[in-house]
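K.L.:
Here is the input, now give the coordinates:
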Amino acid sequence: MKVNKIIAVKLLLSLVMMLGFASCSKKGDSKGGSKATGWKINDKKGGFQYASKFKKQATGPGLVMVEGGTFTMGKVQDDVMHDWNNTPNQQHVMSFYMDETEVTNMMYMEYLSWLKTVYPPDQDNYKNIYEGASPDTLVWRNRLGYNETMTENYLRHPAYAEYPVVGVNWIQATEFAIWRTDRVNENILEQQRYLKKDGKVTDMTADKVFSTNAYLASPSTAKGGDEKLVLKKGQGRGAAKPAKGAAAGANNTAGNSAKNVYAQRTSGLILPEYRLPTEAEWEYAAAADIGQREYNQYKGQKKYPWSGSYTRSGKRQVRGDQLANFKQGKGDYGGIAGWSDDGADITNKVKSYPPNDFGLYDMAGNVAEWVADVYRPIVDDEANDFNYYRGNVYMKDKIGEDGKVELVTAETQKFDTLSNGRIVSRNLPGQIAQVPVDDKETYLRQNFDKSDNRNYRDGDKQSTRYFKFGASEEGDEKGKLRDDQRMYDSPTHNVSTDSLGNMVKKYDKSNKRTTLVNDDVRVYKGGSWRDRAYWLDPAQRRYFPQDIATDFIGFRCAMSRVGPKADKKKRARN
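P.N.:
Numbers count the residues shown, from 1 in each chain. As a prediction, the model looks like this:
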């Protein structure tokens, strides 16, 4: 009996211990508890704050979702030009977002209006900001054509409000994307009561400009450090009501991050940057193979952003209608008036033609579009076949002697003089100053070893036939290359200023130049209102100097997607 009692007591103690261990193991899995330590997350008294109720990335204004996947990038048919610059290769693109339409005149005019208000052109410190961002309306002029109507009206007249903006060079397009990022995130933070309500309208001055990166790096110094504009959580009147667009999605993802003093990456509120799409992204989105399930389409045989091998619709109700705006023949930019017409002579209002299977409009015709990539004759798929992009220039925030990031001011702002003499702003007051990465970031790394990677595996010293292997790059003349020994002997135009501040333009008149390719030419994709149907193929690729604009190149923005590839339910496991 005594032995049985002892055994029973031991069993009871064991059961208690097991229950105790079970409760400890479940403590970390309980609501608000850490799975790593069991400590409470988002505690009201402080501690680790995180958006534990995050659902998904909000869709930014103007964007549509493009689910990533594999595709055949490059030309596989009708290569009558024999350029050999778009050889087919298999690539994989991550999911991302892209503008539903090209950036319109109205969208760009909003940008110009903001710049003119915040940085008045009549002030010496800001006189080149507005002018440097303004489209070149003179691109419409033709020596043997009367196009003054477009020169004077196309950008600003309300009749062209929903037409794609042109006369914008690649540099201006990238600056617009940066501005758009800041304005969208500023609006989100206002609606979530992290910034003063309507501060983006009533307090728009150069010393109180909102920058997304500056806010993330040091919220207390954003908007000039004005605590009336940059609120700590709890200074507002409570959480904002769900709104339309990006802010609505952000509100749904905030979760427990509302207890944060300032919004950070961990809050899930701040959207990734707007930017130009990469060439691979643009081509993948334009081809829209998602709507094609035939094997030959999957392998890259699709000729247009729509199904079929013709530019006219085969649907019964609209049979014969043109599916894009392009040049139909010599002296024929739109067809016969009132019959067999594509509805446009120059550009056309966005959404005038059916979208592709991703819901994107005008991925063929209307205007060609800038993409982010530096042009090279080949796509180096041997080096990379995932999210391919040539043009990475890695930069980092500039840190001052006090250990804090340095913000650009009116005194430290820098301007670049382009090869055509135009002056553009390199950065704006309120943004974080940027400097190239150095040995601190590159030492013993395997994935990159310098800041500027535009020439990687193509165009660098080692790629030239003049390079002497074994010679050191520093202090050894054998390792140095003359101007005429560059990989791409493109013209080297130079613009400088003399001692009196006058601009000196030196045009390269050498007759030994054999190419226009260099590190400052960018790819543009898609056909335009000036192009024949041949150029409507998404695989076609051309290039143009990044600092020069035309009347047939526009752009649209993209945004990376964070999180899962698609908003699908989890697949059932066997």
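K.L.:
For the rest of this, base every contact and every neighbour count on C-alpha atoms.
P.N.:
Noted.
K.L.:
any residues touching stretch 215-223, and which ones?
P.N.:
Contact partners of stretch 215-223, identified using CA atoms under 8 Å, 6 or more residues apart in numbering, comprise 207-211, 214, 226-227, 229-230, 262-265, 405, 430.
K.L.:
Looking at these, which are in helices?
P.N.:
A214 (DSSP state H).
K.L.:
now, the most widely separated pair of the contacts of stretch 215-223?
P.N.:
Spatial extent of the contacts of stretch 215-223 (CA to CA) is set by the pair D207 and R265 at 24.5 Å.
K.L.:
Have a look at these two and say which one is more surrounded.
P.N.:
Counted by other CA atoms under 10 Å, D207 and R265 do not tie: D207 has more neighbours, with 19 against 12.
K.L.:
What sits closest to that one if chain neighbours are left out?
P.N.:
Among residues not flanking D207 along the chain, G224 sits closest, at 5.7 Å (CA to CA, 6 or more residues apart in numbering).
K.L.:
Let me know the pLDDT of the one you found.
P.N.:
Reading off the confidence values, G224 has pLDDT 85.
K.L.:
So it: helix, strand or coil?
P.N.:
Put simply, G224 is helix when judged by DSSP: H, G, I helix; E, B strand; the rest coil.
K.L.:
What about it, how many residues nearby?
P.N.:
G224: 18 neighbours (other CA under 10 Å).
K.L.:
residues contacting it?
P.N.:
207-209, 430.
K.L.:
got the residue ranges for the strands in the stretch 1-150 of the chain?
P.N.:
63-66, 69-73, 89-93, 96-99 (DSSP state E, counting those that start in this stretch).
K.L.:
Could you look over the ones you listed and pick the most buried one?
P.N.:
strand 96-99 (a mean of 24; mean count of other CA atoms under 10 Å).
K.L.:
partners of that strand, with directions?
P.N.:
Within its sheet, strand 96-99 is paired with strand 63-66 (antiparallel), strand 558-560 (antiparallel), according to DSSP bridges.
K.L.:
how about JSON lines for those, with mean pLDDT and distance to V374 added?
P.N.:
Output for the strands paired with strand 96-99, formatted as JSON lines (pLDDT from 0 to 100; distance: least, CA to CA, whole Å):
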{"stretch": "strand 63-66", "mean pLDDT": "97", "distance to V374": "23"}
{"stretch": "strand 558-560", "mean pLDDT": "98", "distance to V374": "17"}
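K.L.:
Of all the ones you listed, which one is nearest S352?
P.N.:
Closest among the strands paired with strand 96-99, using CA to CA: strand 63-66, at 17.6 Å.
K.L.:
Off-centre distance for the closest one?
P.N.:
Centroid displacement of strand 63-66 relative to its chain, using CA atoms, centre = their mean, to the nearest Å, is 13 Å.
K.L.:
heads up, I number from 14, so please use that
P.N.:
All right, first residue 14 from here; so that's strand 76-79.
K.L.:
Could you say which one of the strands paired with strand 109-112 comes nearest to L289?
P.N.:
Of all the strands paired with strand 109-112, strand 571-573 sits nearest to L289, with 5.6 Å by CA to CA.
K.L.:
And what about D386, helix, strand or coil?
P.N.:
Following three-state DSSP, D386 is assigned to strand.
K.L.:
Could you verify my assumption that it touches R403?
P.N.:
Yes: using CA atoms under 8 Å, D386 makes contact with R403 at a distance of 5.2 Å.
K.L.:
These two: which is more packed in?
P.N.:
D386 (24 against 19).
K.L.:
Who are the contact partners of that one?
P.N.:
Counting by CA under 8 Å, 6+ apart, D386 touches 291-292, 402-404, 535-536.
K.L.:
Distance to P74, pLDDT and secondary structure added to those residues, as a markdown table?
P.N.:
As requested, those are exported to a markdown table (distance: CA to CA, whole Å; pLDDT from 0 to 100; DSSP: H, G, I helix; E, B strand; the rest coil):
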| residue | distance to P74 | pLDDT | secondary structure |
| --- | --- | --- | --- |
| T291 | 20 | 98 | coil |
| E292 | 22 | 98 | helix |
| Y402 | 25 | 97 | coil |
| R403 | 27 | 96 | coil |
| G404 | 26 | 96 | coil |
| R535 | 26 | 97 | strand |
| V536 | 26 | 97 | strand |
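K.L.:
Distance to D550 added to those, as CSV?
P.N.:
Output for the contacts of D386, formatted as CSV (distance: CA to CA, whole Å):
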residue, distance to D550
T291, 17
E292, 14
Y402, 20
R403, 21
G404, 23
R535, 18
V536, 15
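K.L.:
out of the residues you listed, who's nearest S512?
P.N.:
The nearest one, if we look at the contacts of D386 relative to S512 and count by CA to CA, is R535, at 33.2 Å.
K.L.:
now the contacts of stretch 228-236: which count as buried?
P.N.:
The neighbour-count test (16 or more other CA atoms under 10 Å) marks 220-224, 227, 240, 242-243, 275-277, 418, 443 as buried among the contacts of stretch 228-236.
K.L.:
From these, pick the one nearest L125.
P.N.:
Using CA to CA, these come closest to L125 at V222, 15.1 Å.
K.L.:
any idea how far the closest one lies from Q444?
P.N.:
8 Å (CA to CA, to the nearest Å).
K.L.:
And for Q90?
P.N.:
Distance of Q90 to Q444, given as CA to CA: 46 Å.
K.L.:
picking that back up, among the contacts of G237, which has the minimum pLDDT value?
P.N.:
D220 (86).
K.L.:
Let me know how buried D521 is, in neighbour terms.
P.N.:
Neighbour count of D521, defined by other CA under 10 Å: 12.
K.L.:
where exactly do the helices run in the stretch 414-563 of the chain?
P.N.:
452-455 (DSSP state H, counting those that start in this stretch).
K.L.:
shaky segments in it?
P.N.:
473-476, 478, 480-498, 514 (pLDDT under 70).
K.L.:
What are the boundaries of the strands in it?
P.N.:
Under DSSP E, counting those that start in this stretch, the stretch 414-563 of the chain gives strands at 428-430, 436-438, 447-449, 507-510, 516-519, 534-538, 554-558.
K.L.:
what's the last one packed up against?
P.N.:
When contacts are defined as 3 or more CA pairs under 8 Å, 6 or more residues apart in numbering; DSSP states H and E, strand 554-558 sits against strand 534-538.
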